[in-house]
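[1] what would the 3D arrangement of this be:
(chains A and B)
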Amino acid sequence: METLQDFEMAREERLWDGVSLWCSQRAQGGIYLLGYHAEMTLKSAYFRLTGLSIAKPIDRYVLQTALGKAKLLGVSTPHEGYHGLRFWCDLLVAERSARGIPLPSPLLNILTHQVDIISSRWSVEMRYRTPSTRPLDLESTVTAVDWLDRNFVLLYT
Amino acid sequence: MPVIKKKLHQEHPDHQAMLEIMIRHLKDKGGDEKFPRIIEDENSLTKSMNVYVFWDRFGSMTIQERAELILEAYENAKGQAEALRISVAMGLTPLEEQTLGLDSPSN
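    Numbering: from 1, shown residues only, chains lettered A, B, ... in the order given. Below you'll find the predicted structure:
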């Protein structure tokens, strides 16, 4: 079972895997791996915000607690098998607001915009599908993922 | 045969009753009742806590239902801020407690 620390190391690996495919202009594969990096960035930011120890395994109890908090905070975004980027983004934003440390509006607007860009192009199921991704989709995803990566620490501090 | 409309989120039939009991315990009004047994594991660095609740009545509840019950009980008994301090809300039956090898102080 992966700990938060394992998660963050894998996050870094998926970024460079995705960048490697971007350099090779492998659009579908590049977006697929960069999307996972985005997912882990948002999840890690959320778990760091909630004070989860980096040595704690991210097991079903941790994930179900997050779902319970979403219900508490009125976040109704579908979690999509715990992979939903919009879910983790909305939960992070809601929890920050409830704790009295809301994201500043400009940052919030950019965050939701970047998450929308990635969400509209990435899904877990794309691994089963024939390539339908355009080079422009890859470029947009790279830009959005780059922003998320650069602002990771700001998301939970 | 009548058509039964299934609700999207059906609350466990014991949810309300168990919620009231847990709230009573969180307010230190549990008396001599053996369950629920509630353990708060504080993380002084992050100011968060893991909450373990051992209860024989959890057997028929899913993990999600247990987590929701625990969080709702904390919100009602101690306020939302306290509920948000919980990073893991783990509801376990006594058998699961044994299986997982969790140490818990006896009452």
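
[2] shaky segments in chain B?
    Filtered on pLDDT under 70, chain B yields the residue ranges B:6-9, B:29-30, B:103-107.

[3] residues of it that sit close to chain A?
    B:43, B:46-48, B:50, B:63-64, B:66-68, B:70-72, B:75, B:80-81, B:83-90 (Cβ under 8 Å from any Cβ of the partner chain). Just so you know, the C-beta spots here come from the backbone N, C-alpha and C atoms, and that holds for glycine as well.

[4] switch to 6 Å and redo it
    Residues of chain B found near chain A (Cβ under 6 Å from any Cβ of the partner chain) are B:43, B:46, B:48, B:63-64, B:67-68, B:71, B:84, B:87-90.

[5] got a quick ChimeraX command for the buried subset of those?
    Selecting only the buried entries of the residues of chain B next to chain A in ChimeraX, with 16 or more other Cβ atoms under 10 Å in any protein chain shown as the criterion:
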select /B:48,63,64,67,68,71,84,87,88,89,90
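
[6] out of the residues of chain B next to chain A, which sit inside strands?
    Among these, DSSP state E puts B:43, B:48, B:87-90 in strands.

[7] now, which of those sits nearest chain A?
    Using Cβ to the nearest Cβ, residue B:48 comes nearest to chain A of these, at 2.7 Å.

[8] check the gap between residue A:38 and chain B for me.
    Note on residue A:38: its distance to chain B, by Cβ to the nearest Cβ, to the nearest Å, is 22 Å.

[9] measure that residue to residue B:70 for me?
    30 Å (Cβ to Cβ, to the nearest Å).

[10] around chain B, pick out the residues from chain A.
    A:50-52, A:60-62, A:64-65, A:67-68, A:71-72, A:98.

[11] give me that answer again for 10 Å
    Neighbours of chain B within chain A, by Cβ under 10 Å from any Cβ of the partner chain: A:47-53, A:56, A:58-73, A:95, A:98-100.

[12] in helices, which of those residues fall?
    Judged by DSSP state H, helices contain the following of the residues of chain A next to chain B: A:47-49, A:60-72, A:95, A:98.

[13] which among these end up buried?
    In these, the ones that pass as buried (16+ other Cβ under 10 Å) are A:47-49, A:61-70, A:72, A:95, A:98.

[14] in what helix or strand does residue A:145 lie?
    Secondary structure assignment for residue A:145, by DSSP states H and E: helix A:135-150.

[15] show me what the top helix by length along chain B is packed up against.
    In chain B, taking DSSP H as the definition, the longest helix is helix B:63-78. Here helix B:63-78 touches helix A:60-72, helix B:15-26, strand B:37-43, strand B:48-54, helix B:80-84, strand B:86-92, going by 3 or more Cβ pairs under 10 Å, 6 or more residues apart in numbering or on different chains; DSSP states H and E.

[16] where does residue B:13 sit: helix, strand or coil?
    Recorded secondary structure, residue B:13: coil (DSSP: H, G, I helix; E, B strand; the rest coil).
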